[in-house]
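*Asks:* Provided below for reference: sequence and predicted model.
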Amino acid sequence: MKLKNCFVIAMLVLICSVAQASASVIEYTDVTLFNAAVPGATSYNFEGIAPVNGFSVVSPTVGGVAFTAPNSTPFVIGDNFYGPDTFGGAAFFSGQGPLIGPSNVTATLTSGVTAIGFFYGPGDDAGGAITVTLSTGDVFSLAIPDVGTADFVGFTSTTPITSVAFTEAGYGMDIVQFEATTPVPIPAAIYLIGSGLIGLMGIKRKFKN
């Protein structure tokens, strides 16, 4: 009877571990709050990819994040391309004419970070949607803050983020800079699962003796 009770307790620990591992995403539109929630985030930008006052048609990978623009023309603009201080300088830009349709940008996280934030300035801010996909297969649909100027949007997740897709309803999507955590922190649930397994092994060894 004691052995059965011990196994029940151990299984409850494992079930609780799995429950705590369920995925969730928190969206931030304030960079101060994002940085407070993600201490040690590394900042990246697109400086040096394109010439000053010019642009390069390219889908870059920066800081382990690959930027693409499905159904549009992806390119990196150099500093001063739109004039001084426009959207903060060099940027990845998904540009296309109004007759083609909404602009799309996808950031694929090859390093599997659990938090990422983007400083952006859409060429024609008309709102849109963001789709965050996690390594668990969970998908979260969120909104692009519609403020009319360059701004920030960030995400934290309980499990690694594999991609973030922006669908901008206006002329283009302009990402100037982004912040990401690296390396991926090990979820606390892993430790709980390990503790449960160790407990089961200890119980088995005890009753064998």
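*Replies:* Happy to help now that I have it.

*Asks:* OK, contacts around Ile49?
*Replies:* Taking CB atoms under 8 Å, 6 or more residues apart in numbering, we find Ile49 in contact with Ser56, Val58, Pro60, Val62, Val76, Gly78, Ala90. Bear in mind the C-beta positions are built from the backbone N, C-alpha and C, glycine included.

*Asks:* now do 7 Å
*Replies:* If you count contacts by CB atoms under 7 Å, 6 or more residues apart in numbering, Ile49 has them with Ser56, Val58, Pro60, Val76, Ala90.

*Asks:* Also Glu47?
*Replies:* Contacts of Glu47 by CB under 7 Å, 6+ apart are Ala90.

*Asks:* Surely it is in a helix?
*Replies:* No - Glu47: not assigned to a helix; according to DSSP: H, G, I helix; E, B strand; the rest coil it is coil.

*Asks:* Phi and psi next, for it.
*Replies:* Per-residue torsions, Glu47: phi -60, psi 140 (degrees, to the nearest 10).

*Asks:* What of Thr136?
*Replies:* phi -80, psi -10.

*Asks:* pretty sure it is touching Val25, no?
*Replies:* No - with contact defined as CB atoms under 7 Å, Thr136 and Val25 do not form a contacting pair (11.0 Å).

*Asks:* Who has more neighbours out of those two?
*Replies:* Neighbours per residue (other CB atoms under 10 Å) separate Thr136 from Val25, with Val25 holding more: 19 against 14.

*Asks:* Quickly note the distance from that one to Thr159.
*Replies:* Using CB to CB, to the nearest Å, Val25 is found at 9 Å from Thr159.

*Asks:* What segments of this structure are strands?
*Replies:* 25-28, 42-45, 55-56, 61-62, 65-68, 73-77, 91-95, 103-109, 115-120, 128-134, 139-143, 151-157, 161-168, 172-180 (DSSP state E).
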